[in-house]
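[1] Model the following, please.
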Amino acid sequence: MCVCIRDAYCRLLKEWLDALLSCTLKDPAHPSVDGAILCPACSHIHGRCHEAVYPLLTMAELSGETKYLDAARALFRWSAYMLCDDGSLYNDSQSAWNGPTVFSAISLEKALRYHGGLLTAEEKAAWEERLLQMAVWLQEHITPEGHFNINYLAANAAAMALIGRYFGRGPMAAQAKRLADFCFQHISEHGLVYGEGSLKRRATPRGGCAVDVGYSVEETLPSLFEYAEAMGDENALSIVRETARTHLDFMLPDGAWDNSFGTRAFKWTYWGSRTADGCQAMLNALGKDEPVFAEAAYRNLLLYQRCTEGLLYGGPHYRRHGELPCVHHAFCHAKALAQVLDEGAAEFDRTALPADSPKRVQYYPEIETCRLACGDWRMTVCAGDFPYMKGGHASGGAVTLLWHRAYGPVIAAANTDFSLREPLNQQLTRKKSLQGSLCPRLEKEENGTVYAQVYDFSASVAAEALPDQIIVRVSGELCDITHAASPGKDAYTLTYTLTERGLSIQGTANAALILPIVCPADCPPVVSEKSVLLDGRLRVTSATGIEYKGPVFNLAPGFEAANLSAAPDEKGSLDVFIEIQ
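    Residues are numbered from 1 along each chain as shown. Coordinates of the predicted model:
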C-alpha cells in the first residue's frame with residue numbers, strides 16, 4: 001500500500017510551532033528579548049531560536065494564519081541582538097561561540113527561497129542583506145584550516161552552495177566544493193563519517209577515529225546532501241546516498257538511532273541529537289527514489305510523535321520523569337519538517353529496514369565496536385578509545401545498547417559520567433538524587449576512587465557467530481576516569497552469549513556488575529534473592545544473587561532504569577541472564 005505522510009508532518013510541525021509561540025516573549029519595551037523564545041526547561045533564551053523563522057514562514061504559507069508570519073518577523077528583529085559587527089552570530093548572549101552562524105544562514109536562505117513572497121520588499125531586502133553579511137563571514141572563517149568538527153564544515157559546504165546560488169556568487173560555490181571534497185575524505189573504509197572530535201583518521205593509540213552517528217545522520221550527511229542538490233553534483237550525491245545507506249544500519253526498528261558509542265553521546269536523545277536539525281529532509285528526498293529511506297524517515301517521525309507533547313522532549317522518559325522539554329529540539333528539527341513540506345513528502349510502499357533483519361555480527365574496527373543481532377535482540381558492544389571528554393562514551397567492551405522487539409531498549413548507555421560539556425546546549429534535572437549512569441559496568445571503589453570497566457581504553461573484544469548464538473569475549477583491567485589502571489591492576493573477563501532467548505553474561509572480576517535496566521520508575525520491580533522481574537516481563541537473574549539499588553535516570557538518551565547489582569562469588573565469578581518472558 002502506498003503511504004503518504006504529508007499530513008503527519010504538517011500536524012507535528014504545527015504542534016511544535018504552536019508550542020514555541022506559547023513560549024515567545026512579548027515585551028516591546030525591551031527589544032533585546034521581545035520576540036525571542038524562552039525555554040521552559042532551561043529558563044534561558046537559546047540564541048539560535050531565531051532559526052525558527054524558516055518553519056514559521058512555511059506554516060504561515062500552509063495555514064494562512066498571520067500569527068506565524070508575525071512571529072517570524074519578531075524573531076528576525078530580535079536576532080539582531082545575536083549579530084556581531086563581523087557578520088557572525090553568537091550561539092547565545094553569554095557565549096562567544098559563533099560557529100552556528102552557518103545554521104542560521106541556511107535557515108534564512110530557505111526562508112527567503114521558499115517564502116520570500118510573504119515579506120514586504122523592504123523586509124526582504126533587509127533579510128537578504130543580513131544573509132549576505134553572514135555568508136561573507138562564513139566564507140572566510142569556517143574552513144578546513146579552522147578548528148571545527150566535521151559537521152560545521154559540511155554545513156558550510158551546504159551554506160556556500162545555497163547562498164552562492166541565491167546571490168549568483170561563483171566564489172562561494174567554489175568554496176562549497178572545496179569544503180565538500182574535504183568532508184568526503186572523512187568517510188572511513190566501512191562507510192562511517194568521522195571528525196566529531198578530531199579530523200584525523202587514526203586519532204587514537206588503537207587507530208580509532210571520532211565517530212558520532214547522531215551528528216552524522218542529523219547534520220553532516222544532510223548538509224552534504226544539500227550541497228550536492230544545490231550544486232547538481234551527481235558524484236557527491238552518489239557518495240551521500242551510499243554513506244546514508246550505510247548509516248541506516250544504525251537505525252533501530254523503532255526509528256531510533258543507536259548512538260550509544262558516539263563521541264558526542266552526551267547529546268544523544270534516542271531519536272537523534274539534541275541541537276541538530278534531524279534526518280527527515282534528507283531521508284525524505286532520498287526516499288522518493290528508494291523506499292527504504294522513506295521508511296526510515298517515517299519510523300523516525302513516529303518516534304518524534306511519541307516524544308512530543310506540544311514540544312519535542314529530549315528522550316522517551318522525560319515527561320514521566322517530570323523533566324521539561326527544551327525548545328532547542330523543536331526549533332531545530334522543525335526546519336527539517338518544514339523542508340519536507342516545501343519539497344513534497346515522499347509517497348512510498350512500506351518496506352523493511354536493515355535493522356529488521358540485520359547481519360548477525362557487524363564489526364567496525366575504526367571505533368572498536370560490534371553490533372550484534374539474534375532473533376528479536378539487537379546489541380552493541382563498545383571498546384572504542386577516542387577521548388572526546390572526561391567521562392565520555394563507555395568503553396571496556398561494555399554493552400552500550402541492548403534492544404528487544406517486544407520490549408524496546410533494555411540497556412541504553414550514553415556517557416559514563418554526567419557533565420555539562422555544553423552548558424547552554426544541555427539541560428539539568430532537578431531530581432539530582434535519581435541522576436546516574438545508564439552504563440552497564442564492572443565497578444569497584446577503592447580509597448574513594450571508582451574503578452570501572454567502562455573507563456578501560458585497552459580492553460580486547462572478539463565476537464564469534466555460531467549457528468544458534470553469538471559469543472563476545474571481553475578482557476581488560478578496571479580503570480579510573482582518566483583511564484589509568486587500578487593499583488592492583490584488577491583484571492576482568494566477560495563472555496556475552498546472545499541467543500534468541502536472551503543475553504547471558506558470565507565472567508570473573510574483583511568488582512560488582514552494575515546493570516541499569518531500562519524500566520519506568522512507576523513500575524516497581526519484583527525482587528527475590530536471585531532474580532528481579534521488571535515491568536512484568538523482563539527478568540534478570542544472577543547465580544550469585546542480585547540487588548535492586550533503586551531507580552536511576554539519565555538525560556542522555558532520556559530513560560529511567562532500575563539500577564541492579566550482582567556481586568561475584570568468593571572465586572570472583574559472575575553469572576547473569578537477561579530475558580523477556
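[2] Distance check, residue 317 against residue 411.
    According to CB to CB, to the nearest Å, residue 317 and residue 411 sit 14 Å apart. The C-beta positions use only the backbone N, C-alpha and C, and glycine is treated the same way.
[3] Okay, now the unreliable bits of the chain?
    Judged by pLDDT under 70, the chain has its weakly predicted residues at 1.
[4] what residues go with each domain of it?
    2-352, 368-580 (automatic domain parsing).
[5] Show the end-to-end separation of the shortest one, please.
    Between the opening and closing residues of domain 368-580 we find a distance of 28 Å, counting by CA to CA, to the nearest Å.
[6] What of the first one?
    For domain 2-352, the separation between the terminal residues is 14 Å (CA to CA).
[7] Could you tell me how far that domain lies from the centre of the chain?
    Here the centre of mass of C-alpha atoms in domain 2-352, compared against the chain's by CA atoms, centre = their mean, to the nearest Å, lies 13 Å away.
[8] what does the shortest one give?
    For domain 368-580, the distance from its own C-alpha centre to the chain's C-alpha centre is 20 Å (CA atoms, centre = their mean).
[9] sorry, back to before: now render the domains of the chain as CSV, adding distance to residue 362.
    As requested, these are arranged in CSV below (distance: least, CB to CB, whole Å):
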stretch, distance to residue 362
domain 2-352, 7
domain 368-580, 5
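[10] Dump these into a markdown table; add mean neighbour count as well.
    Rendered in a markdown table, the data for the domains of the chain read as follows (neighbours: other CB atoms under 10 Å):
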| stretch | mean neighbour count |
| --- | --- |
| domain 2-352 | 21 |
| domain 368-580 | 20 |
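[11] closest one to residue 358 among the ones you listed?
    Between residue 358 and the domains of the chain, the tightest spacing by CB to CB is seen for domain 368-580, at 4.5 Å.
[12] sorry, back to before: would you tell me which of the domains of the chain gets closest to residue 359?
    From those, taking CB to CB, the stretch that ends up closest is domain 368-580, at 6.9 Å.
[13] in this structure, which residue is closest to the centre?
    For the chain, residue 273 is the residue whose C-alpha lies nearest the centre (CA atoms, centre = their mean; 2.6 Å).
[14] residues in contact with it?
    Applying CB atoms under 8 Å, 6 or more residues apart in numbering, one finds that residue 273 lies in contact with 212, 214, 215, 218, 219, 259, 264, 267.
[15] who touches the residue lying closest to it once chain neighbours are set aside in this structure?
    Excluding its sequence neighbours, the residue lying closest to residue 273 (CB to CB, 6 or more residues apart in numbering) is residue 214, at 3.4 Å. Contacts were defined as CB under 8 Å, 6+ apart; by that measure residue 214 touches 257, 259, 262, 264, 265, 267, 268, 269, 272, 273, 276.
[16] Turn the residues you listed into JSON lines, including distance to residue 513.
    Below are the contacts of residue 214 laid out as JSON lines (distance: CB to CB, whole Å):
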{"residue": "257", "distance to residue 513": "27"}
{"residue": "259", "distance to residue 513": "24"}
{"residue": "262", "distance to residue 513": "24"}
{"residue": "264", "distance to residue 513": "27"}
{"residue": "265", "distance to residue 513": "22"}
{"residue": "267", "distance to residue 513": "28"}
{"residue": "268", "distance to residue 513": "23"}
{"residue": "269", "distance to residue 513": "27"}
{"residue": "272", "distance to residue 513": "30"}
{"residue": "273", "distance to residue 513": "30"}
{"residue": "276", "distance to residue 513": "34"}
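[17] Of the residues you listed, which is the nearest to residue 569?
    Each of these was checked against residue 569 using CB to CB; the closest is residue 265, at 33.3 Å.
[18] how about the strands of the stretch 451-581 of the chain, start to end?
    The residue ranges that make up the strands of the stretch 451-581 of the chain, judged by DSSP state E, counting those that start in this stretch, are 460-466, 469-477, 491-498, 502-508, 512-518, 526-527, 531-534, 538-542, 547-554, 559-566, 573-580.
[19] Select, out of those, the one closest to residue 436.
    Closest approach to residue 436 among these is made by strand 547-554 (4.0 Å; CB to CB).
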